[in-house]
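S.K.: fold the following, please.
(chains A and B)
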Amino acid sequence: MRVSRYFLATLKEAPAEAELVSHRLMLRACLIRRLGSGLYTWMPLGLRVLRKVEAVIREEMNAAGALEVFMPAVQPAELWQETGRWDVFGPLMLRMKDRHERDFCFGPTHEEVITDIARREIRSYRQLPVNFYQIQTKFRDEIRPRFGVMRAREFSMKDAYSFDAGKTGLAASYRRMYDAYARIFTRLGLRFRAVAADTGAIGGSASHEFQVIADSGEDAIAFCPTSDYAANVELAEAMAPPAPRAGPARALEKVFTPGRTRCEDVAALLGVPLASTVKAIAVVHDDALWLLLLRGDHALNEVKASKLPGLEPFRFATETEIVRRLACKPGYIGPVGIDPAIRIAADHSVAAMADFVCGANEEGYHLAGVNFGRDLPEPHFVADIRNVVAGDPSPDGKGVLEIARGIEVGHVFALGTKYSEAMGARFLDEQGQPQLLEMGCYGIGVTRVVAAAIEQNNDARGIVWPAPMAPFQVALVPVGYHKSAEVRAAADELHRKLEEAGVETLFDDRDERPGVMFADMELIGLPHRVVVSERGLKEGRVEYQGRRDASAEKLPRAEALARILARLG
RNA sequence: CGGGGUGUGGCGCAGCCUGGUAGCGCGUCUGGUUUGGGACCAGGAUGUCGGAGGUUCGAAUCCUCUCACCCCGACCA
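M.R.: Next comes the predicted model:
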């Protein structure tokens, strides 16, 4: 492909809207252009990358025995009402009406549609197992779209749905997809980790996320370097302290802590470790106020807290509610001497503390030397309600946890019969008896994979594509193409040979200075660059340089093609 | 939705406080000089200053409303 006939509209400066490296580079390299919040056009160069990712996904899905289908993006409300998700999805779902005033949505996912297919088409166990997948545009009206295509509202997703005759079959289908995902992300050249995950709104029993490791990732993942334990921090279990609580050693004391509303400030003022302070988080369920107690150096895990008996769903109390129930402003609230009707749930780590510091329920004061059983009753609930932190023991008992950031590019769920039951999707087993289909669902954020790959593979000059994703494999850059007949002839010939050999080549035939061409080819991240110049031709050579290489290598002109092909592998 | 911020040629920005009829860099077009790391010179084109209303002799600038976008928190591939 000649650049003169392509569309390269690279930018020296990234639009101010973009903050994340991948977003900036995608805009600068003209991979995408924004239409509206969370809506992006894939430009020619970007689309080539997207198609590369899709191709790898298709190959591996097909190899795993999945069958490609293509479902409508627009779906009737009736299906969603059957599973109850018409209400569950809330404003995340883009709804619309047709000319007959019938309700539809732009599909945020396709469990309902595929389950409808399954209940109509699957009659017998002889048709099982079966796995249908598609690569489709989804729309989710995200609360806050951001980071370009990383969290867009409209995005491309590969979604697959497996149907099995029983739990054993489901486990096998799940495993097959898990393995296929590992192969897909490995082939794409990504550094990733599969982690145990919460099942969230999709529902089901088992679930793993595939996280691309990147500091800019929105997810925190906990993993144990000395074992294979890995889980989303949302799910990772914080082990209860092994040692029993010590007895009280200090007297209860009220201390003056003006303006110190954060545990860090209180600990600093009193000269005590942050881990000896306790914070109380006021939450509300059905108008009932709860206090959740956490160590000062720990953070609340809302997923875990919502599993406390009788607390789901909960929301954070407003300042007004806090003042009304505790007669004190936030920042100084605590569990001592409060209305016994207020439920108290303590994290395991708090329940094991003695002589701790907490709010006094009086503005400007905290209490020190606080002890359960003496100064306040034992908490109503003791549970794991905090996020694990680096250094916590691994739940598998084989080491200590570390925390890393990740970008979720894939998610596999063992759904079980949640949808087949809601929608009556049954098959006849060997005895001719109707049984519910066992389902699994498996997603890959195709557009997000592109952004994640850039996030992980870039340098000061631009994108550094893993070869399987690169829009072109070779950048052919002639120096002096428009004034040297020799350069022109040699470059044209090499271009022709590369294309004949099936190598995707971007041939920079523009009348630009070399610096401009080098900069553009590096920005768009092509893995291999070949330079043809008068200088080189005099020595009978052309130059080769890999995108990650520090310097160029001279290849004898006669061997150039073969040597380049060897580089491509 | 709550909190913070920004809207001025394609991109990045200045001008706004203290009203006087729009400017800089990059890009782009034309001509010339250059040609191994985002060249130089000369000339040109591109703006209803996000929109609506108001104040004023006069509004990018002041006031009101509104829209869009970005960043920080709850959602998820």
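
S.K.: quick one: average pLDDT of stretch A:143-156?
M.R.: Averaged across stretch A:143-156, pLDDT comes to 91.

S.K.: my bad, stretch A:165-177
M.R.: Averaged over stretch A:165-177, pLDDT sits at 96.

S.K.: for that stretch, buried residues please.
M.R.: The neighbour-count check on stretch A:165-177 (16 or more other CB atoms under 10 Å) flags A:165-166, A:169-170, A:173-174, A:176-177 as buried. C-beta here means a position set from N, CA and C on the backbone, and glycine is covered the same way.

S.K.: residue numbers of the stretch 301-450 of chain A in contact with RNA strand B?
M.R.: For the stretch 301-450 of chain A, the residues in contact with RNA strand B (CB under 7 Å from any atom of the strand) are A:302, A:408-411, A:443-445, A:447-448.

S.K.: still on that earlier bit, nearest to RNA strand B among the buried residues of stretch A:165-177?
M.R.: The closest of the buried residues of stretch A:165-177 to RNA strand B turns out to be A:Met177 (CB to the nearest atom of the strand; 12.0 Å).

S.K.: find the helix or strand that the closest one is a member of.
M.R.: Assigned by DSSP states H and E, A:Met177 belongs to helix A:167-187.

S.K.: skip ahead from that helix and say which helix or strand is next.
M.R.: strand A:192-196.

S.K.: tell me the strands beside the helix or strand just after that next one, with direction?
M.R.: Sequence-wise, the next helix or strand downstream of strand A:192-196 (DSSP H and E) is strand A:206-213. Using DSSP bridges, strand A:206-213 pairs in its sheet with strand A:192-196 (antiparallel), strand A:402-416 (antiparallel).

S.K.: now the strands for the stretch 401-550 of chain A?
M.R.: In the stretch 401-550 of chain A, the strands defined using DSSP state E, counting those that start in this stretch lie at A:402-416, A:426-428, A:434-436, A:438-445, A:458-459, A:462-463, A:474-479, A:505-507, A:528-533, A:541-546.

S.K.: reformat these as CSV; add mean neighbour count.
M.R.: Formatted as CSV, these follow (neighbours: other CB atoms under 10 Å):
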stretch, mean neighbour count
strand A:402-416, 23
strand A:426-428, 18
strand A:434-436, 14
strand A:438-445, 26
strand A:458-459, 14
strand A:462-463, 24
strand A:474-479, 26
strand A:505-507, 25
strand A:528-533, 24
strand A:541-546, 19
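
S.K.: reformat those as JSON lines; add distance to A:Val388 and mean pLDDT.
M.R.: JSON lines is the format used below for those (distance: least, CB to CB, whole Å; pLDDT from 0 to 100):
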{"stretch": "strand A:402-416", "distance to A:Val388": "8", "mean pLDDT": "94"}
{"stretch": "strand A:426-428", "distance to A:Val388": "41", "mean pLDDT": "97"}
{"stretch": "strand A:434-436", "distance to A:Val388": "36", "mean pLDDT": "97"}
{"stretch": "strand A:438-445", "distance to A:Val388": "25", "mean pLDDT": "96"}
{"stretch": "strand A:458-459", "distance to A:Val388": "30", "mean pLDDT": "94"}
{"stretch": "strand A:462-463", "distance to A:Val388": "34", "mean pLDDT": "96"}
{"stretch": "strand A:474-479", "distance to A:Val388": "45", "mean pLDDT": "97"}
{"stretch": "strand A:505-507", "distance to A:Val388": "47", "mean pLDDT": "98"}
{"stretch": "strand A:528-533", "distance to A:Val388": "43", "mean pLDDT": "98"}
{"stretch": "strand A:541-546", "distance to A:Val388": "40", "mean pLDDT": "97"}
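
S.K.: now the helix holding A:Met177 - C-alpha only, PDB.
M.R.: Below are the C-alpha coordinates for helix A:167-187, written out as PDB (Å, rounded to 0.1, in the frame of the first residue of the first chain):
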ATOM      1  CA  LYS A 167     -22.800 -29.500  35.200                       C
ATOM      2  CA  THR A 168     -19.900 -31.700  34.000                       C
ATOM      3  CA  GLY A 169     -20.400 -30.600  30.500                       C
ATOM      4  CA  LEU A 170     -20.600 -27.000  31.500                       C
ATOM      5  CA  ALA A 171     -17.300 -27.300  33.400                       C
ATOM      6  CA  ALA A 172     -15.700 -28.700  30.300                       C
ATOM      7  CA  SER A 173     -17.100 -26.000  28.000                       C
ATOM      8  CA  TYR A 174     -16.000 -23.400  30.500                       C
ATOM      9  CA  ARG A 175     -12.500 -24.900  30.600                       C
ATOM     10  CA  ARG A 176     -12.400 -25.000  26.800                       C
ATOM     11  CA  MET A 177     -13.200 -21.300  26.600                       C
ATOM     12  CA  TYR A 178     -10.800 -20.400  29.400                       C
ATOM     13  CA  ASP A 179      -8.000 -22.200  27.500                       C
ATOM     14  CA  ALA A 180      -9.100 -20.500  24.200                       C
ATOM     15  CA  TYR A 181      -8.900 -17.100  25.800                       C
ATOM     16  CA  ALA A 182      -5.400 -17.800  27.200                       C
ATOM     17  CA  ARG A 183      -4.400 -18.800  23.600                       C
ATOM     18  CA  ILE A 184      -6.000 -15.700  22.100                       C
ATOM     19  CA  PHE A 185      -4.300 -13.200  24.400                       C
ATOM     20  CA  THR A 186      -1.000 -15.100  24.200                       C
ATOM     21  CA  ARG A 187      -1.100 -15.000  20.400                       C
END
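
S.K.: who touches the residue minimising distance to the centre of chain A in this structure?
M.R.: In chain A, the residue lying closest to the centroid (CA atoms, centre = their mean) is A:Glu408, at 1.9 Å. The contact partners of A:Glu408, by CB atoms under 8 Å, 6 or more residues apart in numbering, come to A:209-211, A:217-219, A:445, A:448.

S.K.: how long is stretch A:385-401 end to end?
M.R.: 17 Å (CA to CA, to the nearest Å).

S.K.: report the separation between A:Ser216 and RNA strand B.
M.R.: 9 Å (CB to the nearest atom of the strand, to the nearest Å).

S.K.: now do the contacts for that residue.
M.R.: A:20-22, A:147, A:405, A:407, A:455.

S.K.: contacting residues for the residue nearest to A:Ala560 when sequence neighbours are not counted?
M.R.: Ranked by CB to CB, 6 or more residues apart in numbering and with sequence neighbours excluded, the top spatial neighbour of A:Ala560 is A:Val542, at 4.9 Å. By CB under 8 Å, 6+ apart, the contact set of A:Val542 is A:490, A:494, A:530-532, A:536, A:554-555, A:557, A:560.

S.K.: try A:Asp508
M.R.: A:3, A:475-478, A:517, A:520-521.

S.K.: A:Leu269 contacts A:Arg260, correct?
M.R.: Yes. Taking contacts as CB atoms under 8 Å, A:Leu269 lies within contact range of A:Arg260: 5.5 Å.

S.K.: neighbour count winner among these two?
M.R.: A:Arg260 (20 against 15; other CB atoms under 10 Å).

S.K.: ok, that one touching A:His366?
M.R.: Yes. Assessed by CB under 8 Å, A:Arg260 is found in contact with A:His366 at 7.4 Å.

S.K.: now do the shared contacts for those two.
M.R.: Taking CB under 8 Å, 6+ apart as the criterion, A:Arg260 and A:His366 both touch A:Val266.

S.K.: just the contacts of A:Asp508 that are near RNA strand B?
M.R.: The subset of the contacts of A:Asp508 within reach of RNA strand B, by CB under 7 Å from any atom of the strand, is A:Asp520.

S.K.: which of the contacts of A:Ser216 are buried?
M.R.: Neighbour counting with 16+ other CB under 10 Å marks A:20-22, A:147, A:405, A:407, A:455 as buried within these.

S.K.: in helices, which of these fall?
M.R.: Taking DSSP state H as the definition of helices, the buried ones among the contacts of A:Ser216 contribute A:21-22, A:455.
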